[in-house]
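Predicted model and sequence follow; I will ask about them next.
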2 protein chains.
Amino acid sequence: MRFDPSNLKFDNKGLIPAIAQQEGTGEVLMMAWMNAASIEKTLETGHVTYWSRSRQSFWAKGESSGHVQKLVELRVDCDRDCLLLIVDQTGPACHTNRRNCFYTAVRDGEEVVIADPMV
Amino acid sequence: MRFDPSNLKFDNKGLIPAIAQQEGTGEVLMMAWMNAASIEKTLETGHVTYWSRSRQSFWAKGESSGHVQKLVELRVDCDRDCLLLIVDQTGPACHTNRRNCFYTAVRDGEEVVIADPMV
């Protein structure tokens, strides 16, 4: 079947969550949002472009920082309401300069920072 | 800092997306939603409990199927609006009986099924 972004299930703002995972290591880097047009841009360019909810505009990942995400493969879940992006991430994915955004763990009821910013 | 689910950023329905990842292999199994009470239940019981948006009730993963997710670690992202659950999944995570929900890949513009149901 031909892939058509308009056949996905978007929320009432026209958005779908997209999880970025590093190829090879399986590290979950981040989660952000896409709309149909950003999915099309991502497939066309081979570089991941999200939709920024705060700026209400395209967010070509790494455009200013250089920390681009090269798309390796886009996958759709069973309910068609979530995407998994297999990517090759240059440098940190997180705006805190950490490799991934999930650097706070809950251990014995306490929040523990488990990763440092990249140098 | 003591972890308090009420300090997370929930959407306007009181929900936060939660990504389940298999410990060890790094396989991304599924994405579902939690509210503050389901997070508390998950931490208390050590078994992942989501919030079912369709049924508007707790969804103790595997309660009827036996395909439980044992929580290994809960992580919070930099924006506090997404969770990563490191889990130990018994059997398939997906209701299609596949190990994970992301079994449809987009390759050369076509949707390709890349995993079979478990037997």
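That came through, no problem.

got any ranges where chain A has weak pLDDT?
Applying pLDDT under 70 to chain A flags no residue at all.

what about the helices in it?
A:36-45 (DSSP state H).

Quick one: name the residues of it near chain B.
Within chain A, the residues that sit near chain B (C-beta under 8 Å from any C-beta of the partner chain) are A:1-3, A:17, A:19, A:21, A:25-28, A:30-31, A:43, A:73-79, A:82, A:84, A:94-96, A:98, A:101-107, A:109-111, A:114. The way it works is simple: take the backbone N, C-alpha and C, and place the C-beta from them, glycine included.

what residues are up against the residue nearest to A:Tyr103 when sequence neighbours are not counted?
Distances taken as C-beta to C-beta, 6 or more residues apart in numbering or on different chains place A:Ala115 nearest to A:Tyr103, at 3.9 Å, with adjacent residues excluded. If a contact means C-beta atoms under 8 Å, 6 or more residues apart in numbering or on different chains, then A:Ala115 has A:Arg98, A:Arg99, A:Asn100, A:Tyr103 as its contacts.

do you know how far the first one is from A:Glu73?
Okay, so that is A:Arg98. Noted for A:Arg98: a distance of 24 Å to A:Glu73, by C-beta to C-beta, to the nearest Å.

the more surrounded of these two?
Taking other C-beta atoms under 10 Å in any protein chain shown, A:Arg98 and A:Glu73 do not tie; A:Arg98 has more neighbours (19 against 16).

Just to check, the more buried one is in contact with A:Gly91?
No. The criterion here is C-beta atoms under 8 Å, and A:Arg98 misses it with A:Gly91 at 10.3 Å.

ok, the residue in chain A that chain B sits nearest to - contacts?
Closest to chain B within chain A is A:Gly26: 2.6 Å, counting by C-beta to the nearest C-beta. Residues near A:Gly26 by C-beta under 8 Å, 6+ apart: B:Gln21, B:Thr25, B:Gly26, B:Glu27, B:Val28.

Make a ChimeraX selection of the buried ones in these.
The ChimeraX selection below is limited to those of the contacts of A:Gly26 classed as buried (16 or more other C-beta atoms under 10 Å in any protein chain shown):
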select /B:21,27,28
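
Reformat the contacts of A:Gly26 into JSON lines and put distance to B:Ser65 next to each item.
Below are these laid out as JSON lines (distance: C-beta to C-beta, whole Å):
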{"residue": "B:Gln21", "distance to B:Ser65": "20"}
{"residue": "B:Thr25", "distance to B:Ser65": "21"}
{"residue": "B:Gly26", "distance to B:Ser65": "23"}
{"residue": "B:Glu27", "distance to B:Ser65": "18"}
{"residue": "B:Val28", "distance to B:Ser65": "20"}
